[in-house]
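Trainee: okay, sequence plus prediction incoming.
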Amino acid sequence: MNNKLKIPSTPLAERIRPQTIDDFYGQKHLLGSSKPIRLMIENDTPSSFILWGPPGTGKTTIARIIANQTKAEFFQINAVSSGVRDIRSVIEIGAQNKNFGKRTILFIDEIHRFNKAQQDALLHSIESGVLILIGATTENPSFEVIPALRSRTRVFVLDELSREELVEILNSALTKDEFLKQLNIKSIDEDYLIYLSGGDARIMLTILEAAVVQELNKEEIILNKETFENVVQRKNILYDKAGEEHYNIISAFIKSIRGSDPDAALYWLARMIEGGEDPLFIARRLIILASEDIGNASPNALVLAEATFSAVEKVGLPEGRIILAQCVTYLAAQPKSNASYLGIEKALEEVRKNPLLSVPKHLRNAPTKLMKEIGYSKNYKYAHDFNNHFVEENYFPDEMKNKQFYFPTENGQEKKLKEWLKFLWKTKKKY
C-alpha cells in the first residue's frame, strides 16, 4: 500500500523539468549539434528571440536552460497578467546588472497578448542590451508581434513533439522522479495517454500524475484506458478559436471540400466541432464556398448551404453536426467551378485600374420626358421582342466593347450554360 507516501506539492512537469540542454527532448533542429540555440549556449552569446510553437513543446524550459547555462538573471512574466509597470521593473534591474557585467533575461509567456504599447516598452532595452528578451507564443509572430520588435529578435519555430519524444519524456519521468520511483507502476497505456495529451508534454505529465494519485492505494498500479478516462473527461483538443490553429484548420477544411475529398472534410469538421467552434461560423464558410468553388457547376450547392445555415441556427449542436455533415459531403461531391469568382475579380480589377466610363445612352433609365428627349434609352433593343429572347447588343461602355470576364467551365451544369451562351453570342464572345 502506498497511502503513507506524501504527494509532492510541486507538479510533476516542474519536478522533472530539464536543467541542461542535453537533458532536453525534442527540437533537435534548434538544440542539436551545431544548431542555433545550442551554439548560443555553447558560445555564451545569448541574444533576443521569439519561440513560436504549440503548447507543451518546451518554450519555457528552453528559456530557463539558456539563463541557467549562461549565468544570466532570469525573470518570467505572463503577458495576460502583466503590464508595462512589470516590464519597467525588470528593465531597472537589467540596467543595474549591465553596469556589473551581468546579463538579464526576460522571458514573456504568451507575448502575443501584449498590445502595441506594451511591446513598444521593450524596444529600447533590447536594442541597448539591458535585456535579452525571450518571447513565447503559440500564434504567428508575423501577425501578433509588432514589426519593430520582430526586427530586433529572431524567430525560432518549435515543432510538435513526436510520439517517440513524448515516450522519452514519459520514461524520464518514471525513472528520475523521486515520487514515481517509489511506486510499483506495472503498466501504462502509453498510446492512449499520448492521445489524451494532444501532443502537449505538460498535459501528458499532468494526466499521468493525476492517474497515479488516483491509484495510489493499490499494490500494483495499472494505468489503462479506463483509469485515464476516469481522470480526464475530455481529450485535449489543440484548437484556439482566436488563434492561428483556428485558421489552419478552417483552411484545411475548405481545401478538402474544394479538392472533392468528403472524408478529409469530415475529419476537419469534426476537429472544429470537438474544439468548440461556433457552428454558424462553419455554416457561413460553407455558403461562401458553395458560390466561390462550386458556383454554376451545381447551383443547388448554394441553396443547400443557405438552408444548412438556417437549420443549424434553429437546431444548434449537437444535432447540428448531422446537418453540417450532410452539407459538407454534398459540397465535396459536387462538380467544381470558380468561374463566377474569377469573373467578379476581373471585373473589380477593371473598375479599380481604369477610368469610370459613362453608361451608354441606350442603356440609361428614362423615367421623365426630358430624359427621353435628350436620348436616354433611345434605340434600346428589348430582348424579349426577339427570337430566343435574345438580340446582339453592346451592354458595355463603347470603349469596352467585346470585353469578357466570365468564362464558364465544362463542369456540371455550367457546361449547359456555356453551350447556351456560345449559341447566343456566336463568335462575339469566347466560349
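Mentor: Looks like it came in fine. Residues are numbered from 1 along each chain as shown.

Trainee: show residues contacting the helix or strand of the chain with the lowest mean pLDDT.
Mentor: Ranked by mean pLDDT, DSSP states H and E, the weakest helix or strand in the chain is helix 369-373, scoring a mean of 77. Here helix 369-373 makes contact (CB atoms under 8 Å, 6 or more residues apart in numbering) with 364, 365, 366, 377, 378. (C-beta placed from N, C-alpha, C; glycine too.)

Trainee: measure the last one to residue 293 for me?
Mentor: Residue 378 sits 43 Å away from residue 293, going by CB to CB, to the nearest Å.

Trainee: just the CA atoms of the helix or strand hosting residue 117, as CSV, please.
Mentor: In this assignment (DSSP states H and E), residue 117 forms part of helix 116-120. The C-alpha coordinates for helix 116-120 follow below in CSV (Å, rounded to 0.1, in the frame of the first residue of the first chain):
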residue,chain,number,x,y,z
LYS,A,116,1.4,47.6,-29.1
ALA,A,117,2.2,50.0,-26.2
GLN,A,118,3.4,47.1,-24.1
GLN,A,119,5.6,45.7,-26.9
ASP,A,120,6.9,49.2,-27.6
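
Trainee: C-terminal to that helix, what's the next element?
Mentor: Sequence order places helix 123-127 as the next helix or strand after helix 116-120, per DSSP H and E.

Trainee: contacts for that following helix next, please.
Mentor: 48, 91, 94, 95, 130, 131, 132, 133, 148, 149, 152, 153.

Trainee: among those, name the buried ones.
Mentor: Applying 16 or more other CB atoms under 10 Å to the contacts of helix 123-127, the neighbour count classes 48, 91, 94, 130, 131, 132, 133, 149, 152, 153 as buried.

Trainee: reformat those as TSV; add distance to residue 411 and pLDDT.
Mentor: Below are those laid out as TSV (distance: CB to CB, whole Å; pLDDT from 0 to 100):
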residue	distance to residue 411	pLDDT
48	52	96
91	62	95
94	63	95
130	62	95
131	58	95
132	57	96
133	53	96
149	48	94
152	51	93
153	48	95
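
Trainee: so which of these are in strands?
Mentor: Among the buried ones among the contacts of helix 123-127, DSSP state E puts 132, 133 in strands.

Trainee: out of the buried ones among the contacts of helix 123-127, list just those in helices.
Mentor: Using DSSP state H, 91, 94, 149 are the members of the buried ones among the contacts of helix 123-127 that sit in helices.

Trainee: find the nearest non-adjacent residue to residue 192, please.
Mentor: Computed as CB to CB, 6 or more residues apart in numbering, the closest residue to residue 192 that is not its neighbour in sequence is residue 225, at 4.8 Å.

Trainee: so what does that neighbour have for phi and psi?
Mentor: As for residue 225, its main-chain torsions (degrees, to the nearest 10) stand at phi -60, psi -40.

Trainee: can you check residue 83 too?
Mentor: Main-chain torsions, residue 83, degrees, to the nearest 10: phi -140, psi -160.

Trainee: quick check: domain ranges of this structure?
Mentor: Following automatic domain parsing, the chain resolves into domains at 26-157, 163-231, 244-333.

Trainee: let me have those domains in a markdown table, extended by distance to residue 17.
Mentor: Below are the domains of the chain laid out as a markdown table (distance: least, CB to CB, whole Å):
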| stretch | distance to residue 17 |
| --- | --- |
| domain 26-157 | 6 |
| domain 163-231 | 10 |
| domain 244-333 | 25 |
